[in-house]
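Asks: A predicted structure for the sequence below; I have some questions about it.
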Amino acid sequence: MDLEFTAEEKAFRDEVRTFIRENLPEGTRTRMKEGRGTSKQDMVDWMKILADKGWSAPRWPKEYGGPGWNAIQQYIFTEEIQLNHAPDPQGFNISMVGPVIYTFGNDAQKKKFLPSILDCSVWWCQGFSEPGAGSDLASLKTKAVREGDEYVVNGQKTWTTYAQHADWIFCLVRTNPDAPKKQMGISYLLIDMKTPGITVRPIQTIDGGVEVNEVFFDNVRVPVENLVGEENKGWDYAKFLLGNERIGIARVGASKAKLRRVKELAASVPQGEGSLMDDPRFRAKVWETEVELKALEMTQLRVLSDIAIRGGKKPHPASSVLKLKGSEIQQSITHLLMDVVGPYAIPRSMGVEGSNEPSVGPDWADAIAPGYFNYRKVSIYGGSSEVQKGIIAKAILGL
Amino acid sequence: MDFELSEEQQLLKDMVGRFMQDRYDFEKRKKYMAEPGGFSEEIWAAYAEQGLLAVPFAEEDGGIGGGPVDLMIVMEEMGKALALEPYLSTVVIGGSILRTTATPAQRSALAEEIIGGACKLAFAHSEPKARYELAHVETKAAKSGDGYTLDGAKTLVMYGGVADKLIVSARVSGATTDEAGVGLFLVDPKADGVAIRDYPTQDGLRAAEVTLTGAAAELLGDTPDSMAAIRQASDEAIAALCAEAAGALGKSLDLTVQYIKDREQFGRAIGSFQGLQFQASEMFVELELARSMMMYGAMASRDADPVERSRAVSAAKVQLGRSAKQLGEKSIQLHGGVGMTMEYSIGHYFKRLSIIDRTFGDTDHHLAQLDAVGGMAA
């Protein structure tokens, strides 16, 4: 048992760190650090920089344009990205559709899609959730009916992150409504967002921003060659992705960076004769969160060590706490930031349409409350905390 | 970076696990508790036979030269069984102090006795006004011929009533909380001037109040300046207690899950109700976090840098304290009425966990320790 990374791993970490610090555009770094989110251009530029280095898809094998890193290198890379306020590689391209295409797609699909997925010159979004299919994803209703060489798609997707940026969408659609189990009649379809019949309607979330959208399909005609794998096997391909996310799902690096910012900002906020950091009650909350984060990090490392040694075929039981606890900690840090900003959480002074007024209060203050509101999402998406608890109860405790 | 046990460590874990399973079920534990010292001398002798008392001692002293992970393994298995014996005070704390403080002659003589099972130690350090402050030592040591005499009062001395030797901290110079001027001394509990009041603790173990009135003492090591060694021993004890707690937490979850699978109400197993399932899942999360920090604490507990060592160990203790409370309280709740009874084991796990949180500094104390060093400095 040993906590130290090897000399090679440390050298790798330094290489990654140096590259990020030297190549991440300053504007992107600042927006990430201040929790203001990034523009499409920020992400596309960053992905191009990573792709030129061969690092845009940390988990991909060499064969498909990835760096061929082992689990520990992947972890180190992700940690450094997050610690240094760089955007994670565009997830829908890199973690979602890419691996499905290179694992289940045919050669023509690999050739056509993978290069532009890698450098994000084509932006993908995910069409899974529907108004009636959230945690119970398999009850989705968007249907695709085969007509000659085409599928005709009708229905509605929702919570589609960055559909407004997307060139293509990967969708789960129902191809066999009569299948004996609802999971069995689903297919995985790739759809060009420019196809006639697709409408994107933005959804404004409680933070005031627009990350998610509704996407409507009205007789959208999709060539059959855009079906991935076999018809009616789409559920298996989607499930394959869920198991893929054991490194990085806890977002330890991102939480470390944010907690550092909590302390930095608290030291700049006046309270009494000194700063908020002189308040022992506030500090105690920070230390408690730091301990929780350390426990999460150690849990992540236990899982990583298991993957590194056993190949991760059988998931380590502790991996099931990573999403659950990781989202709890991310949320408590955004609440700590609310404690830091204090009364200047109140004004909504920037980003209001038509306003060029400066921020009321410190110039970082206006992003804090929206960040807190926005992060309620992390315990809802990607398998809500309740779904996670259900999985632990059934799969691990056998209840 | 790896969290794997070595082959030897896996063998040790299997061996201790098997031993505890064979010799230490809940009914047997009740019998051991009723024995004169509050534990089983027979089990202690068996620990000696199995080599468990030799774990941390150097090979040159007849030990097996084990490290903190080996002690973690032993303590976790003992925690699963709620073992009663003074392993922590004798082997973990005693092992640490002999290593850091004793002269080679003292070390090899005592190690031999401990390893053979002939000597149990108690660590008489805490004082009535100290609460959890390690440097608070009022007990005085005065030079007397070749040795010293001690005067003062020690409190909550675990297994002070059954120890063959007491390791007592006492001050030769300085004010009450000074780091300098605190020595460690060997005291014969049967010597003149040593009064011992032995009593049971809430969790079924034993402790004692020790009053020293001109008691004869032998200095451990060459100089009476051992606060650093006391802090080191305390950190190793905390790491070991975290492992014991993790063992008890794991067993508590097992017992609870089994119980809610078996117990039927409203015509079905109560474990089929989502309200209980969610609580059981939350218990599992607490257990895994506790296990992670048990390993972190153990790996750090011999770190050469005392600030980094204590930072990590305090963090581990905070997590274990939190997990003990969350998981422990839920384990009683999910058992319902039967969890309230002395006849059933779960309550005994809960009590041990609650007391571990109060031993060598509670959660608030260790948060204050972290505060003093600027948190985890991540």
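Replies: Arrived safely, thanks for sending.
Asks: need the strands for the stretch 51-200 of chain A, in chain order.
Replies: Under the criterion DSSP state E, counting those that start in this stretch, the stretch 51-200 of chain A contains strands at A:124-127, A:143-147, A:150-157, A:168-174, A:186-192, A:198-203.
Asks: Ignore what I typed, I meant the stretch 1-150 of chain B.
Replies: Going by DSSP E, counting those that start in this stretch, the stretch 1-150 of chain B shows strands at B:121-124, B:140-144, B:147-158.
Asks: Neighbours of the nearest residue to B:E60 once chain neighbours are set aside, how many?
Replies: The spatial neighbour of B:E60 that comes closest, neighbours along the chain excluded (CB to CB, 6 or more residues apart in numbering or on different chains), is B:S108 at 7.6 Å. In this view, the C-beta of every residue, glycine as well, is placed from N, C-alpha and C. A count of neighbours around B:S108, defined by other CB atoms under 10 Å in any protein chain shown, yields 16.
Asks: just checking, what packs against the helix or strand hosting A:D306?
Replies: Here A:D306, judged by DSSP states H and E, is contained in helix A:280-310. The contact analysis (3 or more CB pairs under 8 Å, 6 or more residues apart in numbering or on different chains; DSSP states H and E) places helix A:280-310 against helix A:71-83, helix A:252-268, helix A:320-341, helix B:274-300, helix B:306-335, helix B:363-372.
Asks: Walk me through the domains of the chain.
Replies: Looking at chain A here, since you left the chain open. A:7-89, A:124-232, A:245-396 (automatic domain parsing).
Asks: hm, I was asking about chain B
Replies: B:7-120, B:122-225, B:228-372.
Asks: near chain A at all, the last one?
Replies: Right, the one you point to is domain B:228-372. Yes. Domain B:228-372 is in contact with chain A by CB under 8 Å from any CB of the partner chain, via B:257, B:260-261, B:271-272, B:274, B:276-278, B:280-282, B:284-285, B:288-293, B:295-296, B:298-300, B:315, B:318-319, B:367, B:370-371.
Asks: Can I get the buried part of the residues you listed as one ChimeraX selection?
Replies: A single ChimeraX command is used to select the members of those judged buried by 16 or more other CB atoms under 10 Å in any protein chain shown:
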select /B:257,260,261,271,276,277,278,280,281,282,284,285,288,289,290,291,292,293,295,296,298,299,300,315,318,319,367,370
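Asks: Distance from the chain centre to stretch B:58-72, please.
Replies: Distance of stretch B:58-72 from the chain centroid (CA atoms, centre = their mean, to the nearest Å) equals 17 Å.
Asks: Dump that stretch to PDB, restricted to CA.
Replies: Extracted in PDB, the C-alpha atoms of stretch B:58-72 (Å, rounded to 0.1, in the frame of the first residue of the first chain):
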ATOM      1  CA  ALA B  58      11.800  -5.100  15.100                       C
ATOM      2  CA  GLU B  59      13.100  -8.400  14.000                       C
ATOM      3  CA  GLU B  60      16.300  -7.900  16.100                       C
ATOM      4  CA  ASP B  61      13.900  -7.600  19.200                       C
ATOM      5  CA  GLY B  62      12.100 -10.800  18.200                       C
ATOM      6  CA  GLY B  63       9.300  -9.100  16.400                       C
ATOM      7  CA  ILE B  64       8.200  -9.400  12.800                       C
ATOM      8  CA  GLY B  65       9.000  -5.800  11.800                       C
ATOM      9  CA  GLY B  66       5.500  -5.000  10.600                       C
ATOM     10  CA  GLY B  67       4.400  -1.500   9.600                       C
ATOM     11  CA  PRO B  68       1.300   0.600  10.100                       C
ATOM     12  CA  VAL B  69      -0.600  -1.200   7.400                       C
ATOM     13  CA  ASP B  70       0.000  -4.500   9.200                       C
ATOM     14  CA  LEU B  71      -1.400  -3.000  12.400                       C
ATOM     15  CA  MET B  72      -4.300  -1.600  10.500                       C
END
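Asks: Mind listing what's buried along it?
Replies: Buried-residue list, stretch B:58-72, by 16+ other CB under 10 Å: B:58, B:61, B:63-64, B:66, B:68-72.
Asks: picking that back up, of the strands of the stretch 51-200 of chain A, which approaches B:G204 most closely?
Replies: Evaluated over the strands of the stretch 51-200 of chain A, closeness to B:G204 peaks at strand A:124-127, with 55.6 Å, by CB to CB.
Asks: Show me what that closest one is in contact with.
Replies: Surrounding strand A:124-127, the residues in contact under the criterion CB atoms under 8 Å, 6 or more residues apart in numbering or on different chains are A:90, A:92-93, A:96-97, A:117, A:142, A:157, A:160-163, A:165-172, A:191, A:193, A:215.
Asks: of the residues you listed, buried ones?
Replies: A:90, A:92-93, A:96-97, A:117, A:142, A:157, A:160-163, A:165-166, A:168-172, A:191, A:193, A:215.
Asks: out of those, who's near chain B?
Replies: On the criterion CB under 8 Å from any CB, none of the entries of the buried ones among the contacts of strand A:124-127 sits beside chain B.
Asks: Show the contacting residues for the nearest residue to A:F104 once chain neighbours are set aside.
Replies: Leaving out its chain neighbours, the residue that sits closest to A:F104 by CB to CB, 6+ apart is A:G229, at 3.9 Å. Counting by CB under 8 Å, 6+ apart, A:G229 touches A:104-105, A:188, A:237.
Asks: Out of those residues, the closest to A:G66 would be?
Replies: Closest to A:G66, out of all of the contacts of A:G229 and judged by CB to CB, is A:G105, at 15.4 Å.
Asks: For the residue lying closest to that closest one once chain neighbours are set aside, grab phi and psi.
Replies: Nearest residue to A:G105, sequence neighbours excluded (CB to CB, 6+ apart): A:V228, at 5.1 Å. Backbone torsions for A:V228, taken as degrees, to the nearest 10, come to phi -90, psi 130.
Asks: quick one: low-confidence ranges for chain B?
Replies: B:378 (pLDDT under 70).
Asks: circling back: of the buried residues of stretch B:58-72, list those near chain A.
Replies: Among those, chain A is touched by B:V69 when using CB under 8 Å from any CB.
Asks: Columns distance to B:R311 on top of the buried residues of stretch B:58-72, output as a markdown table?
Replies: Shown next, in a markdown table, are the buried residues of stretch B:58-72 (distance: CB to CB, whole Å):
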| residue | distance to B:R311 |
| --- | --- |
| B:A58 | 27 |
| B:D61 | 30 |
| B:G63 | 29 |
| B:I64 | 29 |
| B:G66 | 24 |
| B:P68 | 16 |
| B:V69 | 19 |
| B:D70 | 23 |
| B:L71 | 20 |
| B:M72 | 18 |
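Asks: what does the stretch 201-350 of chain A have sitting close to chain B?
Replies: A:256, A:259-260, A:263, A:280, A:283-284, A:286-288, A:290-296, A:298-299, A:301-302, A:304-306, A:308-309, A:317-318, A:320-321, A:324-325.
Asks: my guess is A:K325 contacts B:E286, does it?
Replies: No. Using CB atoms under 8 Å, A:K325 is not in contact with B:E286; the gap is 9.7 Å.
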